[in-house]
Each structure stands twice: as structure tokens, then as C-alpha cells.
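> Quick one: sequence plus predicted model below, questions after.
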Amino acid sequence: MNNFAGSIASSSSDDDRSDEDDLVLHTLLSAAHNRVQQRGESTNTEKRRIISIVRDRMTAHELLVCDYFASDSLYDLSKFEDRFRISRNLFLRIARDLENNYEFFQLRWDARGKHGFSTLQKFILALIQLAYGIAADASDEYLKMSERTVQECAYLFCEYVIELYGDIYLRHPTRNDVEQLYAAHEAKHGLPGLLDSINCTHWSGQIVPMHGEGKAPNMPFVVNEHQYNYGYFLGDEIYPEYAMFVKSFSFPADEKRQLFKLAQESGRKDVERAFGVLKQKWHIIKHPAQSWDRAKLMKVLTACVVYIT
């Protein structure tokens, strides 16, 4: 009987400890849940703080003017051209064209009456992107512009530059231009009728054309008393078997073919060197591509060509 009573007491004691353990476990789980919930609320609060950054755009504009555009600016004209790849006079002329033709590059106010970004800020940030190829938010501390707005500035700037100046600097060659090309290439490489080289370069992430024409212009030339009606482009094995593409010999069998191969390779190097100069001037082409959109990349590349010409 005593043993039975003892076992009941022991069982009751075990049940009490079990209830206490369950209570402790429940308390610990509740505390952990509350900490996780508080951490989540804290993270959401931080995200809201990041999204609602207040940027003093007007002060940033005034600082930019004092640094580069005032009569007693902090940095002189040579510093401006070194940093932004074009002269200040050319910069101001293009800025006026952009402001007069495109609403995006005009100074605007939002529905709250808040001061927007000036033409100078948008243009400068687009040039910084082209000149250095840096991260889109790298100039936020100086010019107070978010990553999304910087990217929008850069791509719209390239698009508008092509619209404004493409017909002038990217026009098809005239008869006089073709005659000069023939004469220059024949004098330098000994290749009469050569228009140029067609090639591609690897822009990290994409392959882009270095040069090309829709078709060879109708401009005759004479070789060994034989007249040919169209000029030609130098290329390699990846291009189609068109008459306008002249490819070098993979394995020249004699001295004559070896000399012809050397002359062709020398002609193709001209375009490769020109593209090297373009990359040194506009580092956005030199660094890995920041977009996978081929249309955007072609606009960036075309805008850089417009500027270097």
C-alpha cells in the first residue's frame, strides 16, 4: 500500500515537472517568436528609411556650379575636359540642345513643388557613366541622384545624342569620302579599293560590331587596268561569302600570298586600334557591360562613336 501511494506521488511529481517543462518551453518559444517579429519590424523600418532618403538636389546643383561652371570655379577648363572627356564649351552647347528638345533634361518640379534635377546634373552624371563606367550609385553623395535615375539619365542621354547628331556624324560616306578612303588605304597598305575593315570586339558580357556598312557604295576603282564597280571590306572566316568581304589566306602557300596576308592584317589593325582609342576615352566600353539589353548597349556604343568623331 505504501509502495502504491509512493508510486502515485512519484507519478504526480513527474506530471508536475512535465507541466513545468512545457511552460518553460512555451515561454522560450514565445520569447523567440517575439524577437523574430521585432527584428522583422525593425528591418522593415530600416527599409522604409532607405527608400525615403531626402536628397538636397538644389544644394548639389549649386555645388556643381561652384566647382565647374562659375566664373571663379574651383576647377579650371583643363580639369573639366580631363574629367568629362569634352570641353566645357561643347558641354554647354549640347546641354542647351538637350534642354531645348527633350523634357527629361529640363528642370522640373513635382506635384509637391519639390525642385527636380537640373540639366547640368543629369548631363554630368551621364558623362561620368560613359567616361568611367562606374557603379550607377557611386556619385550619390556628390550629386544626390539615386541608382535608378542615374541609369535612366545615361541611357536616355545616349538615345537623344544619336537623335540630335547621328545624321551629322554617322552619315553614309559621300563619293568624295570614298575616293579619300581608296587613296589613303592604297598609299598606306597597298590595297586599292579598300573601304575599311569589318570586325567585332568583346565588350565583357556582349559581342558588338566594331565597324560595318549596309552595303558597299557604288564607287568604281581600277586594279591592273581592270575596273571594279564596288569597294570591299576586310574580314575573317566568320563572315558570309559575299563579294564585298575579302578574307585573308589562312595558310598562304607562297611569298606573294604571304605579303597579301600581311597587308590585309595591317589594314584590319587600323580599326582595332581605333576601337582601342575609343575604349580609353570612354571606359564604359572597357569595363564589363552593366546591361544585358543589346539595344541599350548599341546606343551606348553609338553615342561614344558620335562623341569621338
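On my side now, so go ahead.
> Tell me which stretches of the stretch 201-309 of the chain form strands.
Ranges of strands within the stretch 201-309 of the chain are 206-209, 218-223, 226-230, 232-235, 245-247, based on DSSP state E, counting those that start in this stretch.
> if I look at I238, how far off is I198?
I238 sits 10 Å away from I198, going by Cβ to Cβ, to the nearest Å. C-betas here are computed from N, CA, C, even on glycine.
> Mind checking which of the two has more residues around it?
I198 (21 against 9; other Cβ atoms under 10 Å).
> Would you check that that one makes contact with Y232?
No. Contact between I198 and Y232 fails when scored by Cβ atoms under 8 Å: they sit 9.9 Å apart.
> Pick the most buried one from the strands of the stretch 201-309 of the chain.
strand 232-235 (a mean of 22; mean count of other Cβ atoms under 10 Å).
> Now the common contact residues for I198 and Y232.
F245 (Cβ atoms under 8 Å, 6 or more residues apart in numbering).
> still on that earlier bit, give the intersection of the neighbour lists for I238 and I198.
Residues touching both I238 and I198 by Cβ under 8 Å, 6+ apart: none at all.
> residues in contact with K296?
By Cβ under 8 Å, 6+ apart, the contact list for K296 reads 155, 158.
> And the pLDDT for it?
Per-residue pLDDT puts K296 at 87.
> lowest-confidence helix or strand of the chain?
Every helix and strand of the chain was ranked by mean pLDDT, DSSP states H and E. The lowest is strand 206-209, at a mean of 52.
> neighbours of the closest residue to P252 other than its chain neighbours, just the number please.
Take P252 and drop its neighbours on the chain: the residue closest to it by Cβ to Cβ, 6 or more residues apart in numbering is Q258, 4.4 Å away. By the measure other Cβ under 10 Å, the count of residues near Q258 is 13.
> ok so D196 is a helix residue?
No. D196: not assigned to a helix; according to DSSP: H, G, I helix; E, B strand; the rest coil it is strand.
> burial of it, as a residue count?
Burial measure for D196: 21 neighbouring residues, criterion other Cβ under 10 Å.
> Before we move on, what's the pLDDT of the residue most central in space within the chain?
Nearest residue to the geometric centre of the chain (Cα atoms, centre = their mean): I284, 5.0 Å. Note for I284: predicted pLDDT of 89.
> same check, this time on H287
82.
> Check whether it really touches L130, as I assumed.
No. Counting by Cβ under 8 Å, H287 does not reach L130; the two are 11.1 Å apart.
> just to revisit the earlier point, now render the strands of the stretch 201-309 of the chain as JSON lines, adding distance to K114.
Putting those into JSON lines (distance: least, Cβ to Cβ, whole Å) gives the following:
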{"stretch": "strand 206-209", "distance to K114": "38"}
{"stretch": "strand 218-223", "distance to K114": "57"}
{"stretch": "strand 226-230", "distance to K114": "59"}
{"stretch": "strand 232-235", "distance to K114": "53"}
{"stretch": "strand 245-247", "distance to K114": "56"}
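> ok so, going back, between H287 and L130, which one's more packed in?
Comparing H287 with L130 by other Cβ under 10 Å, the one with more neighbours is L130, at 23 against 14.
> Run through the residues that contact the more buried one.
By Cβ under 8 Å, 6+ apart, the residues touching L130 are 85, 154, 158, 282, 284, 300, 303-304, 307.
> Model confidence for it, exactly?
In this prediction L130 is given a pLDDT of 91.
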